[in-house]
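Q: have a look; sequence and predicted model below, questions after that.
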Amino acid sequence: METTAPNAPASIASLDELEAPPLSLGQLTWRRFRRHRMAIFGAVTLILMVLYAFGGALFFSEADANRIDTGARLQAPTQEHPMGTDTVGRDILARTIYGGQISILIGLTAMLVELLIGVTIGAMAGFFGGKLDSVLMRFTEAVLVIPQIFLLLVIAKYFAQTIPNIKLMGRTFSGSVVVIVFVIGITSWPYLARIVRSQFLSLKENDFILAARATGTSTREIILRHILPNSIAPIIVAGTLGVASAITLEAYISFLGMGVRPPTATWGNMLEGAYNYVESAWWLWFFPGLLIALIVLAINFLGDGLRDALDPHSRAA
Amino acid sequence: MKNDNLLLDVQDLRTVFHIAEGTVHAVNGVSFKLNECETLAVVGESGCGKSVTMMSVMRLIPVPPGDYASGKVLYRERDLLQVSENEMENVRGKEIAMVFQDPMTALNPVLSIGRQLTEPLRVHLGLDKENAQQRAIELLEQVGIPDPARRLSDYPHQFSGGMRQRAMIAMALACAPSLLIADEPTTALDVTIQAQITELVERLRDQLCMAVIWITHDLGVVAGLAERVIVMYSGFIVEEANVEAIYENPQHPYTLALLEALPRVDRRRHQRLKSIPGAPPNLLIAPHGCPFAPRCEYAYDRCREENPPLLPISPTHKLACWVDVSTGKPR
Amino acid sequence: MTRYIIRRLLQAIPLLLIISMTIFFLMDKMGDPLATMGGRKVTRKEDRERLARQLGLDKPLAVQYLYWLVGNDWTKTDMDGDGVAETPGKRKGVLRGDFGVSLVNRKPVTEVIGERLPNTLLLMLVAEAVVISAALLIGIYSALHQYTATDNTITAVTFIFYSMPVFFFALVTMYIFAVNFKKWGLPYLPTVGMFEPEVGQTPAQVAWHMILPVATLSFAFVAGYSRYIRSTMLETMGQDYVRTAKAKGLPRHQIVYIHALKNAALPIVTIIALDLPFLLGGAIVTERIFGWPGMGRLFLDHVSRSDTAVVMGILMMIAVAVIVFQIIADVLYAWLDPRIRYK
């Protein structure tokens, strides 16, 4: 017994929606702008930092970063050493540049490892369901049950010293870099796997999948061409935030002495033992620490902005 | 059982919402009066402003985005839009009560029915716990819920849809308000339950001499219940009359269309249901001309230029239209 | 409900077995505990071999795991290292509560952990209390004062704190409150250990020493949770039943703290219960920086020395704690939500 219900513009369709958060014109515009601004600020900062780490190599050579000069040890910032020197006289500025390269690289590659493992496992569990799903989920749970740092330390110790130095792009990396990337990657994937799994679980019930199957599309194509592109949004967000998490984790383990080995510098291992010098040499920990904090902040801003842009359902006010 | 004491006098109420895309003109100068023990039906399609009007009467519109731009809501001669929030809290639930559309979401899932019932009793009437519970049991009985004493400790999800709505009504009536506003209370229920609830409200209203404003988009429901009807469109009142007049002598093209759209037993079979062409207007755009003009089969130039004011065409019948629908010509 | 709990506990068993086996395997490959035993270097090959036989390290891995799990008092071990197994072993195995003996200092693992566990628990429980109260306060306040300048500032600040690595926060606060306060002649906070050795372990000393570590451990969680509480409260306050409560003319505090909070509490409680064991992760770095004699530091020390017994002991304890807390969280949620409790 209804009159027609013609299509009202979505924003007015039901008065209930008007009672939810939207604000005055001025306030909402400011909020959008600000949120946008945060993401932009994050992106810009990130770019600047990448330029710093990789572009800085134009001004300082790796030898500069590793040059020991015990006569100049523990000097406060001066003209010659704008960020001071460390316990064996190495220039901290140069070290933050090269350390930055490693930290960022570790962040990116670890995230890729995590992505690869997580998406594969999550997709298989979500798509095939049944026994495979149960087994994979048990496995995921098992990894999640132990806090990541503990796992990291144990596995890092397991692999310590097993991989030789490698040469890449004109730089020599301690083998521990590869170890760290691998270690972070294989302990971070459960979070992503869960997300991917739930995406796949809900997407595979959709009609367009049924249609694809009915027209004889192979399973591999269904996964790669149909489902995956539709679940890309949370993967992108998780991936972005994963870089921040990987950089932080590398910093933690290196800080605890189980990460990348000297002389290869990372922002994390520059902090190792720095707490012994809190009083006497603040520049030892301040610069690398600040850089880590900044890059994580930038990535978080960016990730937040991406999440808003890609997933309108999450209303994180 | 009407008397002539004026209970509610709404004067030129305008309520807007400020959102990103602009300003939504939800209520555009609505005026009406209500006497004690009178039953008024407010009819119109989704988005026409009927809910917002009544929520404004109770000052329940959230104030950033919302804004009571102008007008007065005189309840027993006090302007509710101007009183303090504390005073308003004394009015809500005690003098004016409201029943909402969806009883499942309108009831708090983690509090027992008894708790939600006794709250207004304890807050407004100062009853202590025992007396409040006693009264709550009586109220549940009154609304026809069996085994009320045991039901007090149940939770909303343990009630059926119709019973939840009865419980909501019981909650609304707890402090014997002078005015009950029912916002589409039966829309979410089965047809048989609809009839039961409507009957219940009728009975209680007669018992308690309570004024009732019944909001609905369904003209069929109000026939037996209301004494007067207001038809709203796009935030304006377009017609106001006694219920008989609305059914027997509708004057506004929109009212006509609404009535035409009702499926009727006495029509020929296989005849298409008549629907109203077009779509309701975008409330973001400030009104210009008659809001119904784009969809009106009687519209002419003046309709598109000037918004017709709500004027009486008889002592009990008001109309906002430039056209005489019986002739099809301008009045 | 009890059936549910029992079922969960049973499900946990294979999980724990897999975890313990995997880690046992990893630890075995990790380095030679014999090389770092007791401070003296074991150089001669014969000595090493004898030690290995005495400790049972020469047996196949699966057997070692078995002994770890169910002990070796039912079989003969080689107590004098001469290659002949003649004495019954003394270990009862994990399933009977015997976690073995530390390879580093020869003390029973349970004793080694037991010495440090209370210190970490103290830190964690205090930190958790701080986290819950601060996050609730900030989160609810922000939600109720949405869009004000204060809310915006709080949002910005929490975002920054939430992104900041723990050690940076620790170092900065150390620098300000310990180093610089000292320089400026203000009462300054201590940065090492649980108490001043001269004064002894008094509650006052411990409390004073706890300030910086607790702050460090909790700041990131406070930032994160307050944001979550804020958004949960906002969502709850927008629900229909809150509108009904307002329509009934209930006073504001009743609407916020009873109608809204009781609903918002459900997801909040679950998250907090689930995250409790993860405070331990943060504890490692915090304990290292502040020299707090807790389990985190213990773990670090013994992992670096490949002390399987202690590491396994700590990890299994954590695994059990996490699983138990997961079950607690589920039960708590079911108990708090009448929709689940009464159906």
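A: Sure thing, it's come through.
Q: tell me where the model's unsure across chain B.
A: B:1-2, B:267-268 (pLDDT under 70).
Q: enumerate the residues of it near chain A.
A: B:17-24, B:26, B:45-47, B:51-52, B:61-62, B:64-66, B:217-218, B:220, B:257-258, B:261-263, B:275-276, B:278-280, B:282-284 (C-beta under 8 Å from any C-beta of the partner chain). Backbone N, C-alpha and C define where each C-beta goes, glycine included.
Q: repeat that for 7 Å
A: Remark: the part of chain B in contact with chain A comprises B:17-22, B:24, B:45-47, B:51-52, B:62, B:64-65, B:217-218, B:220, B:258, B:261-263, B:275-276, B:278-280, B:282-283, using C-beta under 7 Å from any C-beta of the partner chain.
Q: and those, which of them are in strands?
A: B:17-19, B:22, B:24 (DSSP state E).
Q: now do the helices in the stretch 201-317 of chain A.
A: A:207-214, A:219-221, A:228-230, A:232-255, A:282-310 (DSSP state H, counting those that start in this stretch).
Q: report whether the longest one contacts chain B.
A: What it means is helix A:282-310. No. Helix A:282-310 stays clear of chain B (C-beta under 7 Å from any C-beta), getting no nearer than 13.8 Å.
Q: now that helix: buried residues?
A: Residues of helix A:282-310 classed as buried: A:282-289, A:291-308 (neighbour count, 16 or more other C-beta atoms under 10 Å in any protein chain shown).
Q: the first one now?
A: Neighbour-count burial for helix A:207-214 flags A:209, A:212 (criterion: 16+ other C-beta under 10 Å).
Q: same question for the fourth one.
A: Burial within helix A:232-255, assessed by neighbour count using 16+ other C-beta under 10 Å, is assigned to A:233-255.
Q: what's near enough to touch residue A:101?
A: A:53-54 (C-beta atoms under 7 Å, 6 or more residues apart in numbering or on different chains).
Q: for it, grab phi and psi.
A: phi -60, psi -50 (degrees, to the nearest 10).
Q: just residue B:31 next, same as before
A: According to degrees, to the nearest 10, residue B:31 has phi -130, psi 130.
Q: count the neighbours of it for me.
A: Residue B:31 has 15 neighbouring residues, counting by other C-beta atoms under 10 Å in any protein chain shown.
Q: hang on, it packs against residue B:12?
A: Yes. In this structure, residue B:31 is within contact of residue B:12 by C-beta atoms under 7 Å, at 5.4 Å.
Q: rewinding a little: kindly give a single ChimeraX line that selects the buried subset of the residues of chain B next to chain A.
A: Written as a ChimeraX command, the selection of buried residues from these, which uses 16+ other C-beta under 10 Å, is:
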select /B:17,18,19,22,24,45,46,47,51,52,62,65,217,218,258,261,276,280,282,283
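Q: picking up where we left off before, compare the helices of the stretch 201-317 of chain A and give me the one nearest chain C.
A: Closest of these to chain C is helix A:282-310, at 4.0 Å (criterion: C-beta to the nearest C-beta).
Q: mean confidence score for that closest one?
A: Averaging pLDDT along helix A:282-310 yields 85.
Q: what about the residue of the stretch 101-250 of chain C at minimum distance from chain B, distance to residue A:91?
A: Nearest residue of the stretch 101-250 of chain C to chain B (C-beta to the nearest C-beta) works out as residue C:249 at 3.3 Å. From residue C:249 across to residue A:91, the span is 70 Å (C-beta to C-beta, to the nearest Å).
Q: what's the answer for residue C:191, then?
A: Distance from residue C:191 to residue A:91, by C-beta to C-beta: 28 Å.
Q: and the stretch 1-150 of chain C, which of its residues are near chain B?
A: Residues of the stretch 1-150 of chain C lying near chain B (C-beta under 7 Å from any C-beta): residue C:147.
Q: which parts of the stretch 1-150 of chain C are helices?
A: Under DSSP H, counting those that start in this stretch, the stretch 1-150 of chain C gives helices at C:2-28, C:45-55, C:61-70, C:109-144, C:149-163.
Q: excluding chain neighbours, what is closest to residue B:245?
A: With sequence-adjacent residues excluded and distances taken as C-beta to C-beta, 6 or more residues apart in numbering or on different chains, residue B:245 is closest to residue B:317, at 5.4 Å.
Q: wait, doesn't the one you found sit right on residue B:243?
A: No. Checked against C-beta under 7 Å, the pair residue B:317 and residue B:243 is beyond contact range at 11.4 Å.
Q: the more surrounded of these two?
A: Between residue B:317 and residue B:243, residue B:243 has the larger neighbour count (other C-beta under 10 Å), namely 19 against 16.
Q: in contact with that one, which residues?
A: Counting by C-beta under 7 Å, 6+ apart, residue B:243 touches B:222-223, B:226-229.
Q: run the last query once more with 6 Å
A: B:226, B:229 (C-beta atoms under 6 Å, 6 or more residues apart in numbering or on different chains).
Q: same check, this time on the one 3 residues further on
A: When contacts are counted by C-beta under 6 Å, 6+ apart, residue B:246 is found next to residue B:229.
Q: grab the most central residue of chain C for me.
A: residue C:280 (2.3 Å; C-alpha atoms, centre = their mean).
Q: packing partners of the helix or strand hosting that residue?
A: Under the criterion of DSSP states H and E, residue C:280 resides in helix C:279-290. Contact partners of helix C:279-290 among helices and strands, from 3 or more C-beta pairs under 6 Å, 6 or more residues apart in numbering or on different chains; DSSP states H and E: helix C:166-173, helix C:203-237, helix C:295-304.
Q: which outside residues touch it?
A: A:147, A:149, A:252, A:275, C:120, C:124, C:166-167, C:170, C:191, C:213, C:216-217, C:294, C:296-297.
Q: same question, stretch C:333-340
A: B:109-110, B:155, B:157, C:266, C:270, C:341.
Q: how about low-confidence regions in the stretch 201-343 of chain C?
A: C:343.
Q: residues from it in reach of chain B?
A: C:240-241, C:244, C:246-250, C:259, C:262-263, C:338-339 (C-beta under 6 Å from any C-beta of the partner chain).
Q: in contact with residue A:96, which residues?
A: Counting by C-beta under 6 Å, 6+ apart, residue A:96 makes contact with A:287-288.
Q: run the chain-centre distance for the helix or strand it falls within.
A: Per DSSP H and E: residue A:96 is located in helix A:92-128. Distance of helix A:92-128 from its chain centroid, counting by C-alpha atoms, centre = their mean, to the nearest Å, is 7 Å.
Q: wondering if the following helix or strand past that helix reaches chain C at all.
A: Scanning forward in sequence from helix A:92-128 by DSSP H and E, the next helix or strand is helix A:130-145. Yes. Helix A:130-145 lies within reach of chain C by C-beta under 6 Å from any C-beta, at A:142, A:145.
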